[in-house]
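K.L.:
Quick one, structure for this:
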Amino acid sequence: MTPPDNLRLDGRVAVVTGAGSGLGRAHALLLGSLGAAVVVNDLDAGSGSSARAVVDDLVAAGGTAMGCAADVSTEDGAASLVDFAVNTYGRLDAVVNNAGILRACDFAEMTADLFDRVVAVNLRSAFLVSRAAWPQMVRQGYGRIVSTTSNSGL
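P.N.:
As a prediction, the model looks like this:
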C-alpha cells in the first residue's frame, strides 16, 4: 500500500536513537518507507551490529540510511549524532528519541550507578538530542521531535 502524498517524507532527514532493535527499528523502517533519509543511531552501528542490519534493510528496500554510533546519554554523543545527520544530509527534520535500557532488579539491589545510567539513557538522552537538534530546526524553520517509551519501564 502506498501512503498518500501528504504522508510522504521525501527530502526529509530523520534521526532515530536506539534504532538497532525494537521500537527504534520499527520507527526507522517506517520513516524510511515513507521516503525519509534515516540516521540509525545505536551504541554500535558498525558491521555486524543490529543497527547496521537496520541500515542494510532500509537500503535494500530502496531507502537512504546511514548508521551512527553515539552514546546519546552524553552531550558530546548527542551533538555528534546531530552533526553527523546535518553533515551527511545537509539538514535534520525529525528526531525520534527512542534510546532506552532496562536494568530490571529489585529496589534493594539497585545501585546509584545503575540508576544514574538508566536515567541518563532513558530520560537525559531525549533532552540532550533534542537540545542539540533545536538550533538546526530553528534555522530551517521546521522540525519535529517525538519521544517514545515502552512498557518495559513499568
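K.L.:
Skip ahead from the helix or strand of the chain with the lowest mean pLDDT and say which helix or strand is next.
P.N.:
Here the helix or strand of the chain ranked lowest by mean pLDDT, DSSP states H and E is helix 112-119, holding a mean of 93. Scanning forward in sequence from helix 112-119, with DSSP states H and E defining helices and strands, the next element found is helix 125-140.
K.L.:
avg pLDDT for that next one?
P.N.:
For helix 125-140, the mean per-residue pLDDT is 98.
K.L.:
next one: stretch 62-80
P.N.:
Mean predicted confidence for stretch 62-80 is 97.
K.L.:
Could you list the buried residues of that stretch?
P.N.:
63-73, 77-80 (16 or more other C-beta atoms under 10 Å). No exception for glycine: its C-beta is placed from N, CA and C like everyone else's.
K.L.:
Please enumerate the strands of the protein.
P.N.:
13-16, 37-42, 64-69, 94-97, 144-147 (DSSP state E).
K.L.:
Of all those, which one is nearest residue 125?
P.N.:
strand 94-97 (6.7 Å; C-beta to C-beta).
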